[in-house]
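*Asks:* need the 3D shape of this:
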Amino acid sequence: MRSTDPTTSRTLRRRSLRTALLTIPLTAAVLGAAPAQAAAPGPASLTCQGKGVDQGAKARHRAEILIHAPLHTIWDLQTDVEAWTSWQKPAAPMTVRRLDPGPLRKHSRFQATVDVPTAPPSTVVISSTVQQLQRGKCLRWTGPADSAGYHIDGVHVWTFAPVRGGILVRTEESHSGAQADPSSDMGLETWLADLKTAAETSTCDGPRQH
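*Replies:* Just a heads-up that it's a prediction; the model follows:
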């Protein structure tokens, strides 16, 4: 059997990792959920307390969805980061843990570890810090995604607005770095679809127990 050139092997491994990561938003992706609708191009970028995504980033994506559930239900699901994997279906094995105690707030830190099934397998660590948070209205965090030979800097903004019939949830994310892919939706469409399913199901089942 012909031996593989080390440079070629490293290139193939990076391509495999990049392909796998495209199925994972900056936390989790879901398989088989109803797609959310992307926001029409043109509107100003989303902001939380005046801060938005990286306007100079190589890749940006924005999406929104209408959720027929109380605002507090949606907010609780979105801010309980360690429980994300209970209502999202990751495309790869993933764990999320808080790095500090108490409710999610400004300066809170959390870390997602994703085991990507590349050959050989790779582990991606996504470290996030909440930069802005206005309860029930908006949320913004920043942080890198790192693995061997892989680095992306991400900024993620969420807004929640009561409208006729429910809550309009909007999200926008930017990625910068050599591996950032302008064609990726960053998993935002599926994340929104899963949030909608979880919130509306929770509402049908009755109030959540705390």
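*Asks:* buried stuff in stretch 160-176?
*Replies:* If you call a residue buried by 16 or more other CB atoms under 10 Å, then stretch 160-176 has these buried ones: Phe160, Gly166, Ile167, Val169, Arg170, Thr171, Glu172, Glu173, Ser174, His175, Ser176. (C-beta placed from N, C-alpha, C; glycine too.)
*Asks:* next one: stretch 121-138
*Replies:* Those would be Ser122, Val124, Ile126, Ser127, Ser128, Val130, Gln131, Gln132, Leu133, Cys138, for stretch 121-138 by 16+ other CB under 10 Å.
*Asks:* now render the buried residues of stretch 160-176 as JSON lines, adding pLDDT and distance to Lys89.
*Replies:* JSON lines is the format used below for the buried residues of stretch 160-176 (pLDDT from 0 to 100; distance: CB to CB, whole Å):
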{"residue": "Phe160", "pLDDT": "98", "distance to Lys89": "23"}
{"residue": "Gly166", "pLDDT": "97", "distance to Lys89": "23"}
{"residue": "Ile167", "pLDDT": "98", "distance to Lys89": "22"}
{"residue": "Val169", "pLDDT": "98", "distance to Lys89": "19"}
{"residue": "Arg170", "pLDDT": "98", "distance to Lys89": "22"}
{"residue": "Thr171", "pLDDT": "98", "distance to Lys89": "18"}
{"residue": "Glu172", "pLDDT": "98", "distance to Lys89": "23"}
{"residue": "Glu173", "pLDDT": "98", "distance to Lys89": "19"}
{"residue": "Ser174", "pLDDT": "97", "distance to Lys89": "25"}
{"residue": "His175", "pLDDT": "97", "distance to Lys89": "22"}
{"residue": "Ser176", "pLDDT": "96", "distance to Lys89": "28"}
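*Asks:* from those, which is closest to Leu99?
*Replies:* Glu173 (20.8 Å; CB to CB).
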